[in-house]
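*Asks:* please work out how this folds:
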Amino acid sequence: MRKTKFTKKMILNKAAKFVQAYGFDELTTRNLADYMKMSTQPIYKQFDSMADLKHELVANYFKNLHYDFQKDFPNSHGLADFAQHFVLYNQKCYDLFLHIFFYPKKKRSTCQAIHDVSHQFFYELIQADPQWCHFDSKARRQLENKYFLLLIGSVMTHRRFMEMKQESNLLLHLTSLVENLNQVKAA
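*Replies:* Below is the predicted model:
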């Protein structure tokens, strides 16, 4: 009988489903192995520690987000297009979004991993946008924080707009809000 080989990608995909169902605090090697109906050995072969797996899980979330963005917006107009994509993408994986950005976590290392990966992701996103890349580091950090809060709030608000059948209004306003981030900085 052939053994199933568990790849890093397979483990990350199952870990994402596990987190959606049970949260980050319940994500332990033993719990994930039980969830995947396997021993813990394949997990330890692919990841140095649970902190490493959680860090990779968050990085994988952002990697998939960015990949989908490039696929859906090949001629992107920067942060405004990404904001719309972020809102729509996170409706498809809403539970994972909540577990990454909202639900409290007991371990500081999990919070730090989420912060570090998201900071790096948004830094690179802003650097790639010609409208924003010229900002000095302090202004860019402020923009990053405002943009991040705008995105997170927009995902939450989007649910309400969908219920009211006014989704297009939110997406239209979102574009103007992103464009106004620059004016807020100048004021």
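
*Asks:* show me the shaky parts of the chain.
*Replies:* Residue ranges of the chain with pLDDT under 70: 1-3, 77, 162-167, 169-170, 182-187.

*Asks:* where exactly do the helices run in it?
*Replies:* Under the criterion DSSP state H, helices of the chain are mapped to 8-22, 29-36, 41-46, 50-72, 79-92, 94-101, 108-127, 137-163, 167-186.

*Asks:* report the angle between the longest one and helix 79-92.
*Replies:* The directions of helix 137-163 and helix 79-92 differ by 50 degrees, with axes from the mean of the first three to the mean of the last three Cα atoms, to 10 degrees as the criterion.

*Asks:* how far off helix 94-101 does helix 137-163 point, in degrees?
*Replies:* Using the same axes, to 10 degrees: helix 137-163 against helix 94-101 is 150 degrees.

*Asks:* so helix 137-163 versus helix 108-127, what angle?
*Replies:* Per the same axes, to 10 degrees, the angle that helix 137-163 makes with helix 108-127 is 100 degrees.

*Asks:* which helices and strands does helix 137-163 pack with?
*Replies:* Packing partners of helix 137-163 (3 or more Cβ pairs under 8 Å, 6 or more residues apart in numbering; DSSP states H and E): helix 79-92, helix 94-101, helix 108-127, helix 167-186. From N, CA and C alone the C-beta is placed, and that goes for glycine too.

*Asks:* hmm, back to that, need the winner for burial among the helices of the chain.
*Replies:* When the helices of the chain are scored by mean count of other Cβ atoms under 10 Å, the highest mean neighbour count falls to helix 79-92 (a mean of 20).

*Asks:* residues in contact with that helix?
*Replies:* Identification of contacts with helix 79-92 by Cβ atoms under 8 Å, 6 or more residues apart in numbering yields 65, 68-69, 72-73, 76, 97, 125-126, 129, 131-132, 147, 150-151, 154-155, 158-159, 162, 170-171, 174-175, 177-179, 181.

*Asks:* redo the helices and strands packed on helix 137-163 as a markdown table? Include distance to residue 29.
*Replies:* Output for those, formatted as a markdown table (distance: least, Cβ to Cβ, whole Å):
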| stretch | distance to residue 29 |
| --- | --- |
| helix 79-92 | 28 |
| helix 94-101 | 18 |
| helix 108-127 | 14 |
| helix 167-186 | 40 |
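
*Asks:* so which of these is nearest residue 136?
*Replies:* Among those, the nearest to residue 136 by Cβ to Cβ is helix 167-186 (10.6 Å).

*Asks:* chain center to stretch 16-26, what's the gap?
*Replies:* Offset of stretch 16-26 from its chain centre (Cα atoms, centre = their mean, to the nearest Å): 15 Å.
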